[in-house]
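1. Give me coordinates for this.
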Amino acid sequence: QVQLVESGGGLVQAGGSLRLACAASGRTTYMGWFRQAPGKEREFVATIMWSGSITYYADSVKGRFAISKDNAKNTVYLQMNSLNLEDTAVYYCAAAKKIGLRIATSADYDYWGQGTQVTVSS
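-> This next block holds a predicted model:
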């Protein structure tokens, strides 16, 4: 069992930046971020492989968000820049063990964090 603990959410003005962190108690194949806005389904944001640092992004965040990792700390980060109102959501850290992951499919992820709120104000 891998435990994931998120931190770094908060309130930010549109155009601003936030950095989320997710500390994992163990190592998996992939770690990523999903988000869920009120009344909407959970959606994929970004994922990174622990080995080789291959990254994947949703089109809606490409060029604005960056996922990275610190192997020594078993921690994954999500740097979010140029935030807009549509980025307001609860952000969840997720980890997956399987090879051949469907990266944008939440059901393929094995472990989830408790979520951290990100609110972007105008």
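
2. So for the residue nearest the centre of the chain, what's the pLDDT?
-> Centrality entry for the chain: nearest residue to the mean C-alpha point is residue 33, 2.0 Å, by Cα atoms, centre = their mean. Listed pLDDT for residue 33 reads 98.

3. as a whole number, average confidence for stretch 6-19?
-> When the per-residue pLDDT values of stretch 6-19 are averaged, the result is 97.

4. And for residue 41, the neighbour number?
-> If you count neighbours by other Cβ atoms under 10 Å, residue 41 ends up with 8. (C-beta placed from N, C-alpha, C; glycine too.)

5. that older thread, now the residue nearest to the centre of the chain: which helix or strand?
-> Residue 33 is located in strand 30-36, with elements delineated by DSSP states H and E.

6. picking that back up, which residues touch the residue nearest to the centre of the chain?
-> The contact partners of residue 33, by Cβ atoms under 8 Å, 6 or more residues apart in numbering, come to 20, 22, 45, 46, 47, 67, 76, 78, 91, 92, 93, 94.

7. Filter these down to just the buried residues.
-> Buried positions within the contacts of residue 33, assessed by neighbour count (16 or more other Cβ atoms under 10 Å), are 20, 22, 45, 46, 47, 67, 76, 78, 91, 92, 93, 94.

8. my guess is the fourth one contacts residue 79, does it?
-> The reference is to residue 46. No - with contact defined as Cβ atoms under 8 Å, residue 46 and residue 79 do not form a contacting pair (9.9 Å).

9. Now do the shared contacts for those two.
-> In contact with both residue 46 and residue 79: 65, 66, 67, using Cβ under 8 Å, 6+ apart.

10. and residue 45, what does it touch?
-> Applying Cβ under 8 Å, 6+ apart, one finds that residue 45 lies in contact with 32, 33, 34, 35, 57, 58, 61, 65, 78, 91.
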